[in-house]
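Trainee: Need coordinates for the below:
(chains A and B)
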2 protein chains.
Amino acid sequence: MSEVKTKIIQATLDSIAELGASQLSLRDISARASVALSQIHYHFQSKENLIAVAANTLIDQLVEELLAELEGIQDPLDRTIRTIDFIYQKQITKSPFVRIYFELAIMSFSNPLLKDHVKQIHQRVIDCMTGKEISLSLRHPELGIYMSIFLDGVAFQTFHETSPEEINFSYQLFLETIKKHF
Amino acid sequence: MSEVKTKIIQATLDSIAELGASQLSLRDISARASVALSQIHYHFQSKENLIAVAANTLIDQLVEELLAELEGIQDPLDRTIRTIDFIYQKQITKSPFVRIYFELAIMSFSNPLLKDHVKQIHQRVIDCMTGKEISLSLRHPELGIYMSIFLDGVAFQTFHETSPEEINFSYQLFLETIKKHF
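Mentor: Numbering: from 1, shown residues only, chains lettered A, B, ... in the order given. This is a model prediction of the structure:
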């Protein structure tokens, strides 16, 4: 990726972390990145597309981090539990990706231009879990949806300040179910 | 509740259903309800408070509807499963409350005035499930959090157009876990 594109994406992520995706302004990004507004339009066409590219950049980083953690682990169940735990930790610590992911979903209610981007991002997260990107080889691919349901729900609880201690009982039930049906 | 308050709340719910909570304008509500802007300020003080009252009105209606469905059912597990199924049906059909509930949560990221209201609404939903309002008498109160996590996650999947058929496998796993630990 060109240096200017990288600068624009980083400024976008910084701005979202600080103000939230719904407050994003291309003018603010242009100032943060010291890049002309016309350059942002040239490289990313629309604000929606820029947000989607920024979100996918975060996913790329997460996948890379996760693959490094999974290195050398062969057993499919071990890989799956490690993956679940990796995502769980991100959810209960409100990682920037989690925030962006929820905000985009809600923004897409009233912004049809975002809807397809958000659906793609969501599908990519599920694909990660069902194995195309991380090679989890689940026997029941539907378990990927179950994992996504539970882990999204955990993020939501966390936004409401439910503590990891309060969530832990549910997490143990969830892991037990995964192990049983794997 | 006075007639003018009821009219304002109904106009608020209509406006949210049409435009989304993030687009809510008191001017629009004033026009819809044929009520002066000053009346809205007098009765509800702030937009955040009005949204919270409207959301609680929806919960009141849902609780009333649910209590009618539970009438005559004595067995605690039966009551719980019926309650879960009631909420599940609301989630997979994107009921207005579900939409408002998620939108408010996201808006509260960047609006501290909303944060306490939203936390209260979330707590009320969990209280409903752990039994204070609906009398579910769960042996493990933590099961209420598990139910909330799963059902929030289902709503989120549904927003991304995952079909009820695709979610059904996860729902069966979830019910199995509830029955086992009830």
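Trainee: how far is stretch A:82-96 from where the chain is centred?
Mentor: 10 Å (Cα atoms, centre = their mean, to the nearest Å).
Trainee: try stretch A:101-112
Mentor: With Cα atoms, centre = their mean, you get 14 Å for stretch A:101-112.
Trainee: among the helices and strands of chain A, which one scores worst on average pLDDT?
Mentor: helix A:96-110 (a mean of 80; mean pLDDT, DSSP states H and E).
Trainee: Need the residues that contact whichever helix or strand comes after that helix.
Mentor: The C-terminal neighbour of helix A:96-110 among helices and strands, as given by DSSP states H and E, is helix A:112-130. The contact list for helix A:112-130, computed with Cβ atoms under 8 Å, 6 or more residues apart in numbering or on different chains, reads A:46, A:48-49, A:51-52, A:55-56, A:59, A:63, A:66, A:83, A:87, A:101, A:104-105, A:107-108, A:133-134, A:136, A:138, A:141, A:143-145, A:147-148, B:160-161. The C-beta positions use only the backbone N, C-alpha and C, and glycine is treated the same way.
Trainee: Selecting buried members of these in ChimeraX, what would you type?
Mentor: Per 16 or more other Cβ atoms under 10 Å in any protein chain shown, the buried members of the contacts of helix A:112-130 correspond to this ChimeraX selection:
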select /A:48,51,52,55,59,66,83,87,101,104,105,107,108,134,136,138,143,144,145,147,148 /B:160
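Trainee: The least confident helix or strand of chain A versus helix B:96-110: what angle between them?
Mentor: If you take axes from the mean of the first three to the mean of the last three Cα atoms, to 10 degrees, helix A:96-110 sits at 130 degrees to helix B:96-110.
Trainee: Helix A:96-110 near chain B anywhere?
Mentor: Yes: counting by Cβ under 8 Å from any Cβ of the partner chain, chain B is contacted by helix A:96-110 at A:99, A:102-103, A:105-107, A:109-110.
Trainee: which other residues reach stretch A:132-150?
Mentor: So stretch A:132-150 is in contact with A:63, A:66-67, A:70, A:76, A:79-80, A:83-84, A:87, A:124-131, A:170, A:174, A:177-178, A:181-182, B:149-150, B:153-154, B:156-157, B:162, B:166-167, B:169-170, B:173-174, going by Cβ under 8 Å, 6+ apart.
Trainee: quick one on the thing from earlier: show residues contacting the least confident helix or strand of chain A.
Mentor: Outside helix A:96-110, the residues that reach it (Cβ under 8 Å, 6+ apart) are A:13, A:16-17, A:20-22, A:51-52, A:54-55, A:58-59, A:62, A:90-91, A:114-115, A:117-118, A:121-122, A:125, A:155-156, A:159, B:19-20, B:22-23, B:99, B:102-103, B:105-107, B:109, B:156, B:159-160.
Trainee: got the angle between it and helix A:112-130?
Mentor: 140 degrees.
Trainee: How far away from the center of its chain is helix A:96-110?
Mentor: That offset, for helix A:96-110, works out to 10 Å (Cα atoms, centre = their mean).
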